[in-house]
Each structure stands twice: as C-alpha cells, then as structure tokens.
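>>> Generate coordinates for the sequence data below:
(one chain, ligands or ions: 3)
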Amino acid sequence: MDTREVLIVNPTHADQVDPDYLETEQRLNKWYSLNPSKVIIATGFIASTPQNIPTTLKRDGSDFSAAIMGAIFRARQVTIWTDVDGVYSADPRKVSDAVILKTLSYQEAWEMSYFGANVLHPRTISPVIRYGIPIIIRNIFNTSASGTKICHPSIIENEDKKILKDYVKGFTTIDNLALVNVEGTGMAGVPGTASTIFSAVKEVGANVIMISQASSEHSVCFAVPEKEVKAVAEVLESIFDSALFAGRISQVAVISNCSILAAVGQKMASTPGVSATLFNALAQANINILAIAQGCSEYNVTVVLKREDSIKALRAVHSRFYNSQTTMAMGIIGPGLIGSTLLDQLRDQAATLKEESNIDLRVMGIMGSKSMLLDDLGIDLVKWREIREEKGEVADLEKFVQHVHGNHVIPNTVLVDCTADSVIASHYDDWLRKGIHVITPNKKANSGPLSEYLRLRALQRQSYTHYFYEATVGAGLPIIGTLRGLLETGDKILQIEGIFSGTLSYIFNNFKDGQVFSEVVAEAKEAGYTEPDPRDDLSGTDVARKVIILARESGLKLELSDIPVENLVPEPLRVSASTQEFMQKLPKFDQEFSKKQEDADTAGEVLRYVGVVDATNQKGMVELRRYKKDHPFAQLSGSDNIIAFTTRRYRYQPLIVRGPGAGAQVTAGGIFSDILRLASYLGAPS
Ligand SMILES: NC(=O)C1=CN([C@@H]2O[C@H](COP(=O)(O)OP(=O)(O)OC[C@H]3O[C@@H](n4cnc5c(N)ncnc54)[C@H](OP(=O)(O)O)[C@@H]3O)[C@@H](O)[C@H]2O)C=CC1
Ligand SMILES: N[C@@H](CC=O)C(=O)O
Ligand code: NA
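Ligands and ions are numbered 1, 2, ... in the order given. Take a look at the predicted model:
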C-alpha cells in the first residue's frame, strides 16, 4: 500500500500533523475493495494532505503510521520493532540494574516519554488509545525478549494482578534546566499574576517543563531549559519592573544547573506512602529537593534537584523501589586488630544478610596508615589481605573517600574508622556534611574538644546522615544505646559508675595469687584488650575518654581535662619511650604494684579501676579504688566491664550492664551491629 493514497493528514504546526480519520477510513475502504489481500505491507512516514499533496508524518512518523494503521484496521495489536528490548524502568546507561517493564498503561508511557525515556512519542499512542489496541515494543535484534506492552490498565489487571500493585513503574531525568522563582507579597490574591508570567515566557518562546506554586501564592516557580533562562529572566524583570521597584515583587531569581527527576506510575500519587518512600530515599541519599510538582493526574511526581545530584538521585530512588535491597558502599579505615576482625565477620555474614535481610554490604576500600586497596565493585573479603599485598597503593585519604563515596552506583556510603587516630577523627565533620555515614570504635572525636563534639552531634541531628559509635564504650556491650534509651524516654541520669576498661579489668581480675603485674599487662595486650599503646589504658586516659563520652551523652559540658585521673603508668615510663620499650621496662615496677595489691588483699579487699559520671554535681572522675570482696565490682572475671546507671527510675537498684568489654570479636561485633542499625535506618527490614 502506498499510504499517500490512503492516509490523509492536516498540518497543524511546523512539525505536527493531525490524521483525518473519517477521510482516511473512506479511502481505506475504497483501496481495500480494489486490493483485497491477507497481508498488506504499507509505506511508513508518508501521507497526503486533503488536497492530495504528498507530505510526511514528521518526527517519529513511522511509528505514528503504524499506530494509525492499527487504529483504522481495528488491529488486535500493534508491534513496533526497534533496537531495544523494551522500555526500561530507568535509563540503563545510568542505572545498571534497570529492568525491562513488562507492561505500561498508555498514560504511563506518555509520562515516561515526556520525561526523556526512550519510549514512543506520546502522539504515536493517541490513535490506538481510542480503540484500546495494545502496542508492543520489541527488539528486532533480540526476538527472545518479550518486550514492553503498552495498553489499557484493565488489560494489565487481567493479565497480572501483581503488576498493578507496582505503583511506581519508572524513573526518568531531564538535565540542563534552570528554575525561575518569582516571589513577592504583592502576588497573593492578585488575579492574573500567573497569566502575566507565563504570557511573558511564551513571548520569548521558552518551554516551561514544570510549574509549582505554593497555595500561599507568594511565589511561583517553574523550570525551563537552561539555554532559555536568560531571556526568561530578562523579560520577567522588564515586565515586573514597576512591581519590583515598588516591592510588590521582591525578586525574579534564577537557580541554574538543575535537573528534573520524575517518578511515573499509574496510581502512585493516590497511594498513601509512595511519595513518602520516594522522598525518604532522596533524603537518605542526602539529596536536597529544590521544588516539587505533583499533578492531580496521579501518574507522576516530579522533583527538581541540583544537576550534580541527578544520577545519584535516580539510582537512590530506583534501588529503593526496584531492588528492595539496602546496598551500602563501605570504606574501612584501619584494618588492624579490630578492623580486620570486622572484615572477617562481614565476610562470614554477607550471604546470610543478602538472603535473609536484603542487605548488600560492599567494601569498596580498605585503608591502613601506609597502603590502601580500592575496588569498584566490592573487595573480595576472602582474599583481601593477599590482594592488598599485591595490588595495594599508597594510602591517600582524599582519594580513598572520593573512591568510596564517588561510586554513584550505590546511593549510601559509610566510612568505618577502626583507627585510634585523631587526625582521621577530625574528618568526620566533613564526611557527614557530604552525606557519608560514619561508624567508629575510635574515641578520639567524641572525647576531643567539647565544641567539636557538639558540632558533630548537631550536624547529625539536622541531617539524615548517621554517626554511630556504640563500640567506643564497653566495646560490643549496649552502653550508649542503653543511655540513649533512658534519656530519650525522659529518665534523668544521676550517676553512671563502672569499670570501663577491659584491659584494667583483666589486669586486676588476674593480678593475684603471686601473679606478676607486667606479665598480666602483657597477657591483656596479647588478648587484644589494650589500646594500640597500652599506656593509654594504664594511664586512665582510655577510661577518662569513656567517662567523657557518657558524660557528654548525658548532657554534661565537660572537657577531658576536667576529669581527674589516677595514672598507673610509672612516672619514668610516661614520656617518649616506644610501646615496645615500655613493655620491656615495665617489670622494673612490678614490686610497687604487688605492694598495693597485697595491702588491699590483707584488708579483705580488691583493687578496681573505676570511672564515675556524677551528673548531679556535673563532674567526672577516674581512680583506683578498693572494694570489699563481696561487692559486685569484685565479682568480675576476664575483661568484664560493669556499668551501673543510677537514674530517677533506677534510683534504689541501678540498671546494670555487664560483660566482656574489650577484645577483637566483641568490639568488631559492636561495630557490625551499628552497621546493621544503619542499614535498617536506610530501609532494610528490621
Ligand atoms: N581492642 C579493643 O578491645 C577495642 C578497641 N577499640 C578501638 O578500636 C580502634 C582500633 O583498635 P585496634 O584494632 O586494637 O588497633 P590496631 O593498632 O590494631 O589497629 C589500628 C589500625 O589503624 C590504622 N591506622 C592508624 N593510623 C591511621 C591513619 N592515619 N590512616 C589509616 N589507617 C591508620 C593502622 O594501620 P597500619 O596497620 O598500617 O599501621 C591499623 O591498621 C581504637 O580506636 C580502639 O580504641 C574500641 C573498643 C574496644
Ligand atoms: N583498650 C580498651 C578497649 C575498649 O575500648 C579497654 O581495655 O577497655
Ligand atoms: Na558499647
């Protein structure tokens, strides 16, 4: 069939024509009576005007021809053979796990194509809609792919009830836009302001992509292509010249470098919770929304964001709706005793977490003080030690953070600081600002200068970025969590008293019956209870840091220097000597320690190194005390910590948490459980 003989169209616009269905159907009947046949091959793209002048169907005209033919023949189905497997849930070049959509309603297809998805032009769909004819998009190069069926929602419902429950079908973005905001008190209740604005925009030939006006009527904002914004701003400034001068309009502001993200789905806007999930996914990826539009059509929710957030936002929302998996890009800093134990625990638990909890943890980088290992997909945790030996590069914190966070495929990043380094801790602020979650057993940040601690906590409270540090006190024991629970439910802390050092607990639990002090210290170090430098434990500094952390958590404004500390490190060994030298020289002081221990024993007492937060008097202290042998603090063994919370509710019998408070496995376990808490905040099932 030469469609010029049959298909009649009226030009309506420079690049648009309208089919004249009545005339076309009459001509088709005539053509068919002359050419009865079972298979008709018709020319695409071309048609005639009512005056029989050959013309084209303009852009996407071949698809349009097919749809018109389908409509006039009342076809059972129209198939468009193209070079893609179908319509994707998001641009597969930007979202690697985008899926082919089995079905789309006509309206969903419209919305997707408007917002830049490679779907049919909306015009193509209109001829088949009136007869409810489905259009299928298939790949001529891959006939095994079943393609995407675009049809009436009732067909989708009949074929697959579940699909209709997929409230959000796809996500698309349009880049290179600018937002224009016209704002002023003189706009409210003045009819015609919006009309003036958009008439002016039309005058300069700009295309308005979305509009949003709050019901207070004090501002109207809209998005236009970046290349058109200069003209738009100029015309608005000129039209509102006197209103601007009089102050009725306060500004015509332009926000450049924006993108639009649209979520499309037949029922999304009318289904409770769908928009909330969308906004939540954006918030958790630390993406700021500049403007929102949701039509009453219920098919689409549109948000305007900064251009640089566009891909990250697309991936964040897509993974929330499609993967239902919480994926986190992780960077582990400090693969020492605790860090490497954590990596082993992650390795052993990864499959179970994926299968049972839909949590996918990917370690994208491991960094020590000298070398680091980076990987784009996730480091093999079975062989990371060997790979680091082989492929490790020189440690560079900036590059490390950029690698782990810059990996845009995964919307959530967490850095786990397993060092004891205050320089690393000084970066938390910057990381949290960038939207990177921070988890650490390192006490340096929270026990450093008060102002910095307060800034970190404030930063965390204002954002959706999380900072967890349960392992800084009592290792894996739930100390911070217990304290938070008491405070948040309105209890009042009176005192927190306890044995906070696994090392000192171990030492004084075992320093008896003729044991030698320096040997017990060496055992504690060997068991992995001590700080990298055991003098941090023996000096009481480690305990003082924990006291400060709990004091600040309870609202006390104390500095580390406010805590009087009884230092157990012999005076001559306090400065300069290396850890090794310290351990070698410690035996010289064994006698001194034995004397203290024997004196206590003779009095029926034991030595215990305790820390106290005295909330009533707003102070803290750390000292070596003697307790009767029947006191609960005398009953400990191994590296046990015991922490007693005396509060308004627990005034007569304190709430007590007790158990091993140091060691690689329990500490790494505490960090791991913070990681899983983060995953659950980010949407993993709890
Ligand atoms: N041991 C325990 O029971 C508990 C420990 N903690 C805390 O856990 C943390 C780790 O302790 P632990 O594993 O015993 O210490 P380790 O000394 O075994 O490990 C420290 C790690 O940090 C790395 N490191 C140091 N400085 C830097 C830096 N600037 N950049 C990158 N990496 C660095 C070291 O790298 P390299 O190997 O290259 O030198 C090493 O891998 C400490 O903050 C400690 O207070 C908390 C609760 C309990
Ligand atoms: N060195 C610390 C480890 C835990 O914070 C201790 O001994 O308690
Ligand atoms: Na803890």
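>>> So residue 51: helix, strand or coil?
coil (DSSP: H, G, I helix; E, B strand; the rest coil).
>>> actually residue 64, not the one I typed
helix.
>>> so what's it up against?
Contacts for residue 64 (Cβ atoms under 8 Å, 6 or more residues apart in numbering) come out as 57, 121, 123, 124, 127. C-betas here are computed from N, CA, C, even on glycine.
>>> what's the neighbour count on residue 306?
Residues lying near residue 306 (other Cβ atoms under 10 Å) number 16.
>>> Can you read off the backbone torsions of it?
Main-chain dihedrals, residue 306, degrees, to the nearest 10: phi -70, psi 140.
>>> bridging residues for it?
With DSSP bridges applied, residue 306 shows beta-bridge pairing to residue 258.
>>> so where do the strands sit in the stretch 401-550 of the chain?
With strands called from DSSP state E, counting those that start in this stretch, the stretch 401-550 of the chain shows them at 412-417, 437-439, 467-468, 493-499.
>>> JSON lines for the ones you listed, including distance to ligand 1, mean pLDDT and mean neighbour count?
Formatted as JSON lines, the strands of the stretch 401-550 of the chain follow (distance: least, Cβ to the nearest ligand atom, whole Å; pLDDT from 0 to 100; neighbours: other Cβ atoms under 10 Å):
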{"stretch": "strand 412-417", "distance to ligand 1": "8", "mean pLDDT": "95", "mean neighbour count": "26"}
{"stretch": "strand 437-439", "distance to ligand 1": "12", "mean pLDDT": "97", "mean neighbour count": "27"}
{"stretch": "strand 467-468", "distance to ligand 1": "13", "mean pLDDT": "96", "mean neighbour count": "23"}
{"stretch": "strand 493-499", "distance to ligand 1": "14", "mean pLDDT": "97", "mean neighbour count": "23"}
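>>> Out of these, the one nearest ligand 2 is which?
strand 493-499 (9.2 Å; Cβ to the nearest ligand atom).
>>> Over to residue 592: give its phi and psi.
Taking degrees, to the nearest 10, you get phi -50, psi -50 for the backbone angles of residue 592.
>>> I meant residue 220, not that one.
Dihedral angles (degrees, to the nearest 10) for residue 220: phi -120, psi 130.
>>> picking up where we left off before, among the contacts of residue 64, which lie within helices?
In this view, the contacts of residue 64 that belong to helices under DSSP state H are 123, 124, 127.
>>> coming back round to it: distance to residue 369 for the strands of the stretch 401-550 of the chain - can I get that in a markdown table?
Below are these laid out as a markdown table (distance: least, Cβ to Cβ, whole Å):
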| stretch | distance to residue 369 |
| --- | --- |
| strand 412-417 | 13 |
| strand 437-439 | 19 |
| strand 467-468 | 23 |
| strand 493-499 | 31 |
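>>> Compare these and report which one is nearest to residue 156.
Checking those against residue 156 by Cβ to Cβ gives strand 412-417 as the closest, at 32.6 Å.
>>> can you put the ones in helices among the contacts of residue 64 in JSON lines and add pLDDT?
Converted to JSON lines, the ones in helices among the contacts of residue 64 look like this (pLDDT from 0 to 100):
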{"residue": "123", "pLDDT": "80"}
{"residue": "124", "pLDDT": "83"}
{"residue": "127", "pLDDT": "91"}
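>>> Need phi/psi at the nearest residue to residue 209 once chain neighbours are set aside.
Counting by Cβ to Cβ, 6 or more residues apart in numbering, residue 209 lies nearest to residue 223, which is 4.5 Å off, once chain neighbours are set aside. When read as degrees, to the nearest 10, the backbone of residue 223 gives phi -110, psi 140.
>>> Might you report the residue contacts of residue 223?
So residue 223 contacts 177, 178, 179, 180, 208, 209, 210, 258, 260, 291, 304 (Cβ under 8 Å, 6+ apart).
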